[in-house]
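1. Sequence and computational prediction follow.
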Amino acid sequence: MNNCVVGTGYVGLVTGVCLAEKNNVVTCVDVIEEKVDMIKKGKPPIYEKNLQPLLEKNVKNKRLLATTNLGKAMEKTDIIFICVGTPSKEDGAIDLRHVENAVKNIGKNLANLEETDYPVVVVKSTVVPGTTEKIVIPTLEKHSGKKAGKDFGVCMNPEFLREGDAVKDFLNPDRIVIGEHDEKGGDKLDRVYSWSKAPRIRCTPTTAEMIKYASNALLATKISFINEIGNQCKTLGIDVYDVARGVGLDHRISPHFLQAGPGFGGSCFPKDVKALAKQAEELGLQPLLLKAVLEVNRRQPLKAVDLVEKMLGQLEDRTVTILGLTFKPDTDDTRESPAIPIIKKLLERGANVILHDPKAGEKVKKLFYGDKKVEIFEDPQKAVDLGDATILVTAWREYLTLDYSKTRLVDTRHVIDREKCLEYEGICW
Ligand code: UGA
């Protein structure tokens with residue numbers, strides 16, 4: 001099939017590369033020329049594990065193309081995937097600017113398509129329930145002068161990719177959700193995934209949109225739940241990881257997403273839970289649980305600061321090293337990373353801060369640019385040795401083997417043996 005992917009963030013690029021790997025010809029479209037140039041050279045504009053070799057291979061064999069010209073990309077396309085970002089607005093509501101813009105341009109180009117056989121527009125971006133039916137379809141129809149379900153198909157097909165594991169997740173999905181406006185469009189989209197035996201959920205676009213939000217909200221709830229239990233465990237001198245193992249072996253619960261720590265970050269959970277809660281409020285409902293999930297998560301990283309302050313007596317003019325700035329290992333993404341509120345709170349309490357991250361040091365440096373109390377180190381051992389205490393925020397593999405024998409450590413990830421540290425505090429154990 002000929003496919004076109006609009007937006008080359010980590011969802012769009014991974015979708016494009018993996019579909020090319022599955023023998024489709026895919027054209028990636030982005031408005032940013034530098035990104036398109038990099039893709040054409042086989043270089044991913046983002047860091048994502050295992051993506052680079054697959055990208056290079058498929059660019060070489062001409063199954064993966066890139067352009068800024070949407071009209072050209074759509075000339076012979078069977079399916080157009082919308083993978084643009086949906087950030088949060090100030091009040092937590094979803095910002096649909098990029099989606100609306102992409103849909104408008106796709107609509108205009110649909111108007112020019114004469115001989116293609118029933119192109120299908122697929123929304124992959126995470127959008128609040130109702131968006132495809134109420135905004136995407138009317139906008140496409142308005143700008144194309146054509147009718148959805150008659151001249152072109154529309155589907156909502158959420159992604160469940162984890163950053164850092166996105167290629168693996170795309171190629172081995174647990175389920176494929178096809179929210180179809182029209183059956184013909186749904187059938188065509190289903191054929192794109194013919195290589196996967198994963199169960200199919202065929203439903204309405206609005207149901208598909210809610211499946212995505214409910215999945216992320218439930219995973220985020222599990223994390224806030226175990227963090228709350230973990231905070232109580234800490235007070236009682238219990239290791240919450242022993243508790244989570246005992247709880248997770250119940251097959252109705254599962255052991256996944258029960259790792260207590262500094263709270264969830266990233267570009268998805270915080271944004272999606274906020275957007276879902278906001279929509280509930282707009283509908284006149286009270287999202288009590290979702291609000292609590294967010295509040296537990298807001299407070300959780302600050303526990304690490306309290307622990308380090310207790311260790312050192314006070315923070316004024318003491319130096320605290322932060323190991324790990326990304327929201328999880330194997331990515332360079334610092335969006336909503338728990339490291340950020342931790343650093344801000346340490347500075348607020350008068351501490352000097354040394355930062356280390358294998359991938360994201362420079363990004364975070366920009367955030368605290370000019371602050372004389374913040375330093376970035378390239379060598380993690382030196383960073384640890386020069387701090388009065390260290391907070392391990394991200395479990396990068398290289399941190400597991402450092403020498404902590406002279407270190408006062410707050411471990412937020414349950415990855416360091418307490419016996420190997422001069423002093424040790426776990427965040428929830
Ligand atoms: C998440 C979902 O896992 C994906 O299924 C979804 O497709 C994606 O959001 C999205 O909506 O695009 P991601 O944000 O990449 O993926 O990362 P996760 O591995 O889920 O981790 C999210 C956060 O939760 C991280 O800060 C992580 O440290 C934290 N976490 C995760 C915990 O604190 N404890 C856990 O047990 C698991």
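-> All right, it came through fine.
2. got a list of contacts for the worst-scoring helix or strand of the chain on mean pLDDT?
-> In the chain, the helix or strand scored least confidently by mean pLDDT, DSSP states H and E is helix 361-367, which has a mean of 79. Residues outside helix 361-367 that contact it (CB atoms under 8 Å, 6 or more residues apart in numbering) are 325, 332, 334, 339, 340, 343, 355, 357, 374, 376, 378. Using the backbone N, CA and C atoms, a C-beta is placed for each residue, glycine as well.
3. residues in contact with the fifth one?
-> If a contact means CB under 8 Å, 6+ apart, then residue 340 has 334, 364, 367 as its contacts.
4. what's the closest of these to the ligand?
-> residue 334 (10.9 Å; CB to the nearest ligand atom).
5. what's around that closest one, how many residues?
-> A total of 23 residues lie near residue 334 under the criterion other CB atoms under 10 Å.
6. Setting aside sequence neighbours, what's the nearest residue to residue 39?
-> Distance criterion CB to CB, 6 or more residues apart in numbering; nearest residue to residue 39, sequence neighbours excluded, is residue 66 at 3.9 Å.
7. Look up the residues forming beta bridges with the one you found.
-> Beta-bridge partners for residue 66, by DSSP bridges, are residue 28.
8. which residues sit in contact with it?
-> Counting by CB under 8 Å, 6+ apart, residue 66 touches 8, 27, 28, 29, 30, 35, 36, 39, 40.
9. and those residues, which two are the farthest apart?
-> 27 and 35 (13.6 Å; CB to CB).
10. Now do residue 96 against the ligand, distance only.
-> Distance of residue 96 to the ligand, computed by CB to the nearest ligand atom, to the nearest Å: 16 Å.
11. what are the ranges of the strands in the stretch 301-429 of the chain?
-> Secondary structure of the stretch 301-429 of the chain (DSSP state E, counting those that start in this stretch): strands at 319-323, 352-356, 374-376, 389-392, 408-411, 423-426.
12. Nearest to the ligand among those strands would be which one?
-> The ligand lies closest to strand 389-392 among the strands of the stretch 301-429 of the chain, at 12.5 Å (CB to the nearest ligand atom).
13. What lies in contact with that closest one?
-> By CB under 8 Å, 6+ apart, the list of residues contacting strand 389-392 reads 304-305, 308, 311-312, 318, 320-324, 342, 383-384, 399, 404, 407-413, 415-416.
14. Just the buried ones among those residues, please.
-> 304-305, 308, 311-312, 318, 320-324, 342, 383-384, 399, 404, 407-413, 416 (16 or more other CB atoms under 10 Å).
15. Keep these, but drop any that are not near the ligand.
-> Filtering the buried ones among the contacts of strand 389-392 for proximity to the ligand (criterion: CB under 6 Å from any ligand atom) leaves nothing.
16. Around the ligand, which positions in the stretch 1-150 of the chain sit nearby?
-> residue 126.
17. Repeat the analysis, applying 8 Å as the threshold.
-> With CB under 8 Å from any ligand atom as the criterion, the stretch 1-150 of the chain meets the ligand at residues 11, 126.
18. Which parts of the stretch 1-150 of the chain are strands?
-> 2-6, 25-29, 64-67, 79-82, 120-123.
19. State the next helix or strand along the chain beyond the last one.
-> Towards the C-terminus, the helix or strand next in line after strand 120-123, according to DSSP states H and E, is helix 131.
20. follow-up on the earlier one: mind pulling up the pLDDT for the residue nearest to residue 39?
-> With respect to pLDDT, residue 66 has a value of 97.
21. for the one 5 residues further on, same thing?
-> Looking at residue 71, its pLDDT is 95.
22. Neighbours of it, how many?
-> 14.
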